[in-house]
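J.: missing the sequence, but the structure's below:
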DNA sequence: CGAAAGCATTGATACAGATCAATATCAGGA
DNA sequence: TCCTGATATTGATCTGTATCAATGCTTTCG
């Protein structure tokens, strides 16, 4: 089993918030093997919508590489992105057979999928997996609630700063530590996708990006390549209480 | 163990999305007894904040009766409610020792609490509980994401209509079915609390309530007593795709 | 190379909801 | 009963963001 899939079963016990019973190497190997048997890979191209809201969905999956988005759409076309899936994130819900959101690849994407029925059976016989899933779901819930504060109360400028801060810190694959602690990365989202995530229009996103650039909070090289010379300054602009890192 | 606490352990197997192994009556009784041993009740008065964000929190709990809110606050005082706790809802996070939100009783409140450490141990030895918790957390995540669409993309009028529809349908304890299918209930929230939930100001809430009343979508008797003569009409005003009921 | 398509920026104007302010209603206590 | 404070309504005005519209910048492909 490749390293990337391990997060479903393993996690560093130093970080493990739920002190599970020790598992003997033999049993653990059995569990891994069973997971191995029901898994398969799928790849998608950038821009492809893998799942439409309301579709029958007979698998659960985990992102191996690439980025996907979860969006909800109203009848008249208003769209709101409700989640960003980065490598190791999980999608799909044990116990529900219908997708609740559109899932769209924003970059080329590799998913590690598990057929739902055997996955659910495995979950019952292997409490670790359910526990890990609970942790991940609780993290997502916290992230969703943080986003509710952003959507309900932050200004456009604060929203943009918050998004940049989250991307800069969360997506390790994009992050590059440049000299003097500056962060450099390529935005994985178009202006329109940013707008859908932030509850804004793409014009407002563009204007606020220009404003942050003008004020020296960020540097822009082309449309996508971003440098953040001072993360603390950006976090100030984001209006976050905490430093945003939710730890144990 | 009183009926109200049972939801943590039991659920109707007809509805049960996760097909767990059958449990013999004897073992189940043992589980219930262990849960019984670590639980205790707490009561709070309307208006009281039981938990402040950042507080140490060494228990998890479930609402027995009354209503509580989860809110986040920015340094400058902007507030956003990120959750509404109705009877049977769960609060607290196994594996984290610090509260992430303020929890405030909006009515007199009775909570059924479990000390965290023994609860976590019980969760490990009793997979049912973890599975139930996972289901509940996934439901909350869906609710949070539906709220993100509301906060990011709905108009003030749609927001109010959505909130009224949710309260009317979700809080069975408040709901009264009047003649001809009309729904009647008392709002459990002040205008300001509604505003905090919807990402609006209390003045806008008041104006939109008046507008919905003027247009016959709702009837208001006093400030809090609401009659909804036609739920479908209200749902139309809410701009919801679906009928809002997320099932299996 | 030039054309075309997608993506992004910038400008002018409109409007929903915020803000500031005054008044109204209601519940509880002296 | 009237007073008091909390809660709610309504009005006038302001402002941040949406909307409509034009232009610019890349990348791709003939």
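T.: Received, thanks. Only a predicted model underlies this, so the values are computations on that prediction, with no experimental measurement involved. Numbering: from 1, shown residues only, chains lettered A, B, ... in the order given.
J.: and the pLDDT for residue A:150?
T.: pLDDT for residue A:150: 98.
J.: helix or strand for it, which one?
T.: helix A:127-153 (DSSP states H and E).
J.: got it, and residue A:205?
T.: Counting by DSSP H and E, the element that carries residue A:205 is helix A:202-214.
J.: other residues contacting stretch A:65-81?
T.: Residues external to stretch A:65-81 that are found in contact with it (CB atoms under 8 Å, 6 or more residues apart in numbering or on different chains): A:4, A:44, A:50, A:53, A:82-87, A:91, A:101-110, A:171, A:173, A:188, A:193, A:196-197, A:199, B:145-146, B:148-149, B:152-153, B:239, B:241. Using the backbone N, CA and C atoms, a C-beta is placed for each residue, glycine as well.
J.: now, the residues you listed that are in strands?
T.: Per DSSP state E, strands hold the following members of the contacts of stretch A:65-81: A:44, A:50, A:82-85, A:91, A:102-105, A:109-110.
J.: beta partners of the spatially closest residue to residue A:105 that is not a sequence neighbour?
T.: Closest residue to residue A:105 apart from its sequence neighbours, by CB to CB, 6 or more residues apart in numbering or on different chains: residue A:44 at 4.4 Å. Going by DSSP bridges, residue A:44 is paired in beta bridges with residue A:109.
J.: for the helix or strand just after the helix holding residue A:205, which strands pair with it and how are they oriented?
T.: Per DSSP H and E, the first helix or strand lying C-terminal to helix A:202-214 is strand A:219-221. Strand A:219-221 has its sheet partners listed here by DSSP bridges as strand A:225-228 (antiparallel).
J.: separation between residue A:83 and chain B?
T.: Remark: distance between residue A:83 and chain B (CB to the nearest CB, to the nearest Å) = 7 Å.
J.: how near is the residue positioned nearest the centre of chain A to DNA strand D?
T.: For chain A, the residue nearest the mean C-alpha position is residue A:85 (3.0 Å; CA atoms, centre = their mean). For residue A:85, the distance to DNA strand D (CB to the nearest atom of the strand, to the nearest Å) stands at 24 Å.
J.: for that residue, which non-adjacent residue is spatially closest?
T.: residue A:68 (4.2 Å).
J.: before we move on, what about residue A:148?
T.: The shortest distance from residue A:148 to any residue other than its chain neighbours is 4.8 Å, reached at residue B:82 (CB to CB, 6+ apart).
J.: next, count neighbours for the one you found.
T.: 26 (other CB atoms under 10 Å in any protein chain shown).
J.: which residues does it contact?
T.: Taking CB under 8 Å, 6+ apart, we find residue B:82 in contact with A:145, A:148, A:149, B:70, B:71, B:72, B:101, B:144, B:147.
J.: how close does the third one sit to residue B:141?
T.: What that stands for is residue A:149. The gap separating residue A:149 from residue B:141 is 16 Å, by CB to CB, to the nearest Å.
J.: those two: who's more crowded?
T.: The residue with more neighbours, out of residue A:149 and residue B:141, is residue A:149; 25 against 22, by other CB under 10 Å.
J.: pull the number of nearby residues for the residue nearest to residue A:59 when sequence neighbours are not counted.
T.: Nearest non-adjacent residue to residue A:59, counting by CB to CB, 6+ apart: residue A:113, 4.7 Å away. For residue A:113, the tally of surrounding residues (other CB under 10 Å) stands at 19.
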